[in-house]
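K.L.:
Fold the following and give me the result.
(2 chains)
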2 protein chains.
Amino acid sequence: VSGTRARHLREVLNAAPGQQVRIGIIDGAYGVGSVQAVGADAVDLRCVFDATIPERPPVDVLLALPRPKVMRRLWAQLAAIGVGRIMVTNAERVERNYFDTHILAPEGYRPLLIEGLQQARDTRLPVVSIHRQFKVLIEDGLFGLSAPALRLVAHPGVGGSIGDAMRKGGQARILLAIGPEGGWNSFEIRLLEAHGFQPVGIGSRTLRTDTAALALLTLAHDAIASRRPA
Amino acid sequence: VSGTRARHLREVLNAAPGQQVRIGIIDGAYGVGSVQAVGADAVDLRCVFDATIPERPPVDVLLALPRPKVMRRLWAQLAAIGVGRIMVTNAERVERNYFDTHILAPEGYRPLLIEGLQQARDTRLPVVSIHRQFKVLIEDGLFGLSAPALRLVAHPGVGGSIGDAMRKGGQARILLAIGPEGGWNSFEIRLLEAHGFQPVGIGSRTLRTDTAALALLTLAHDAIASRRPA
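P.N.:
Residues are numbered from 1 along each chain as shown, chains lettered A, B, ... in the order given. Below is the predicted model of the structure:
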């Protein structure tokens, strides 16, 4: 390996011949690399990979685009906490110029997603899609994009908990819709409900979009994990 | 009111006479203020307060000091998600110079805590204490600082879930210990366990301290909320 990976091996891990390091192929298997030689521009590794590829995380997210500064912070955190798919969508309370940010281009978000995967030791890169038309996405797009899942929409202060919805539903995946800073408008909520999204709450406190997203995804993962032993 | 509060009323809320705004007294009641007059330096409000003061959030946190950049970001998020008390402690894997940061002085963290309370519409300022000696805190300090609570220590990849521990324990409060980036060392874990802290996990993913703290506090709040109806 060369470039940033060689630099990480040399400068952060102080790699020396004989040392073993954890490795992973994006969307592929984990493995172990034995350092063979450390050069100025490259590090030679002898790699052994697992026979199986980790499963994609069982939670997908449909996210109304927050302001670019928040979105930039969210990419790595979403990948670290674990999501299979990230659908970024428009909504009435999303400002139009938010879509002009380079943070929605693959070369903008991909390094941030990989940073999150490295943190969490996962290899499955979330699949990202950007949707400027909310109605088209919900009415026509979701069928092709989303595996069968318990559909939930976060709505502050109302609805049951994610755990309750999961105990009743019992699907293997959750698709979680998270609205913009000012919330979904009533048309958007009705359209989501008409397409099977049940409203769920996380208590009475109002949280910033990024804090709310992490809290909701944590509860979704916990609801799926608690379901498994039963 | 004057200063930043008057500016917020004028510039963000566009306050005009007759308008009603939500208000709250730090560690006191919520209320409603009716704008009487808007001046250059001050806004006159006629205030009516609720008869009761909101309860302190039922979750306390014992946090090994993360690096200053992360701690700076955490203050507002901790206050927004809701904690009664924040005990910041030393640990073997905390670098000593982290304690020199101004972010541990009340004038450094208080504005950030208030920002989080404003976001979440809460008035109860978390009580903060700073402890440079982990052993002294756990052996002698906790008795005076912490109300009776289910004591949990986050330990990646091991232990049951917070929900499971709560169903068995059933206390009204949770005190959650969150370790440094590299984890508690084995002496620290043993000392915590000897003082009643049960290990709990949040799955197999390794999360950054701030992401992990928010995830754990979310699950703690959810465990307490799920307990109430029963």
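
K.L.:
now A:Arg22, which residues is it bridged with?
P.N.:
Beta-bridge partners recorded for A:Arg22 (DSSP bridges): A:Val32.

K.L.:
Which pLDDT value goes with it?
P.N.:
On the pLDDT scale, A:Arg22 is placed at 88.

K.L.:
ok, now which ones touch it?
P.N.:
A:Tyr30, A:Gly31, A:Val32, A:Gly33, A:Arg121 (Cβ atoms under 8 Å, 6 or more residues apart in numbering or on different chains). Glycine gets a C-beta too; all of them are placed from N, C-alpha and C.

K.L.:
ok, of those residues, which come out buried?
P.N.:
Neighbour counting by 16 or more other Cβ atoms under 10 Å in any protein chain shown classes A:Tyr30, A:Gly31, A:Gly33 among these as buried.

K.L.:
Tell me the spacing between the first one and A:Val48.
P.N.:
The reference is to A:Tyr30. 10 Å (Cβ to Cβ, to the nearest Å).

K.L.:
List the contacts of A:Leu216.
P.N.:
A:Leu216 neighbours (Cβ under 8 Å, 6+ apart): A:Ala154, A:Ile162, A:Leu176, A:Ile178, A:Ile202.

K.L.:
Show me which residues of chain A are close to chain B?
P.N.:
By the rule Cβ under 8 Å from any Cβ of the partner chain, the part of chain A lying against chain B is A:77, A:80-82, A:119-122, A:161, A:163, A:202-203, A:205-208, A:211, A:214-215, A:218-219, A:221-222, A:225-226.

K.L.:
In PyMOL, select just the buried ones from those residues.
P.N.:
Selection command for PyMOL covering only the buried members of the residues of chain A next to chain B, criterion 16+ other Cβ under 10 Å:
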select buried, chain A and resi 77+80+81+82+119+120+122+161+163+202+203+205+206+207+208+211+214+215+218+219+221+222+225
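
K.L.:
related to what we said a few turns ago, out of the buried ones among the contacts of A:Arg22, which is nearest to A:Gly108?
P.N.:
Closest to A:Gly108 out of those is A:Tyr30 (26.6 Å), distances taken as Cβ to Cβ.

K.L.:
ok, the closest one touching A:Pro54?
P.N.:
Yes - using Cβ atoms under 8 Å, A:Tyr30 makes contact with A:Pro54 at a distance of 6.8 Å.

K.L.:
Quickly list what's touching both of these two.
P.N.:
In contact with both A:Tyr30 and A:Pro54: A:Thr123, using Cβ under 8 Å, 6+ apart.

K.L.:
Nearest residue to A:Val127 in space, please, no chain neighbours.
P.N.:
Sequence neighbours aside, A:Arg85 is the residue nearest to A:Val127 in space, at 4.6 Å (criterion: Cβ to Cβ, 6 or more residues apart in numbering or on different chains).

K.L.:
need the contact list for the one you found.
P.N.:
A:Asp60, A:Val61, A:Pro126, A:Val127, A:Val128, A:Ser129, A:Leu145, A:Ser146.

K.L.:
which residues does the third one contact?
P.N.:
Contacts here follow Cβ under 8 Å, 6+ apart; on that basis A:Pro126 touches A:Pro57, A:Leu78, A:Ala79, A:Val83, A:Gly84, A:Arg85, A:Ile86, A:Leu113.

K.L.:
separation between A:Glu92 and A:Lys168?
P.N.:
30 Å.

K.L.:
doesn't A:Leu125 make contact with A:Ile114?
P.N.:
Yes - using Cβ under 8 Å, A:Ile114 is in contact with A:Leu125, at 7.2 Å.

K.L.:
now the angle between helix B:209-227 and the longest helix seen in chain A, please.
P.N.:
Looking across chain A with DSSP state H, the single longest helix is helix A:209-227. Direction vectors for helix A:209-227 and helix B:209-227, defined by axes from the mean of the first three to the mean of the last three Cα atoms, to 10 degrees, enclose an angle of 60 degrees.

K.L.:
what's the average pLDDT for helix A:209-227?
P.N.:
87.

K.L.:
Quick one: distance of that helix to the chain centre.
P.N.:
11 Å (Cα atoms, centre = their mean, to the nearest Å).

K.L.:
Kindly report the same for stretch A:7-25.
P.N.:
27 Å.

K.L.:
cool, stretch A:12-29 as well?
P.N.:
That offset, for stretch A:12-29, works out to 24 Å (Cα atoms, centre = their mean).

K.L.:
repeat for stretch A:194-209
P.N.:
In this view, stretch A:194-209 has its centroid 18 Å away from the chain centroid, taken as Cα atoms, centre = their mean.

K.L.:
Just the CA trace of the lowest-mean-pLDDT helix or strand in chain A, in CSV.
P.N.:
Least confident helix or strand of chain A, by mean pLDDT, DSSP states H and E, is helix A:142-145 with a mean of 77. In CSV, the C-alpha atoms belonging to helix A:142-145 read as follows (Å, rounded to 0.1, in the frame of the first residue of the first chain):
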residue,chain,number,x,y,z
LEU,A,142,-38.6,4.0,-2.3
PHE,A,143,-39.8,0.8,-3.8
GLY,A,144,-36.6,0.3,-5.8
LEU,A,145,-34.2,1.7,-3.1
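
K.L.:
got the buried residues for that helix?
P.N.:
A:Leu142.

K.L.:
Quick check: what element follows that helix along the chain?
P.N.:
Using DSSP states H and E, the helix or strand that follows helix A:142-145 in sequence is strand A:150-154.

K.L.:
For that next one, which strands pair with it and how are they oriented?
P.N.:
strand A:174-178 (parallel), strand A:198-200 (parallel).

K.L.:
What is the neighbour count of A:Thr4?
P.N.:
9 (other Cβ atoms under 10 Å in any protein chain shown).

K.L.:
mind checking how far it is from chain B?
P.N.:
19 Å (Cβ to the nearest Cβ, to the nearest Å).

K.L.:
now A:Glu115
P.N.:
10 Å.

K.L.:
Ignoring the adjacent residues along the chain, who's closest to that residue?
P.N.:
Per Cβ to Cβ, 6+ apart, closest to A:Glu115 is A:Ala76, 4.6 Å.

K.L.:
could you pull out the helices for chain A?
P.N.:
Counting by DSSP H, the helices of chain A are A:3-7, A:68-81, A:106-120, A:134-136, A:142-145, A:162-169, A:186-194, A:209-227.
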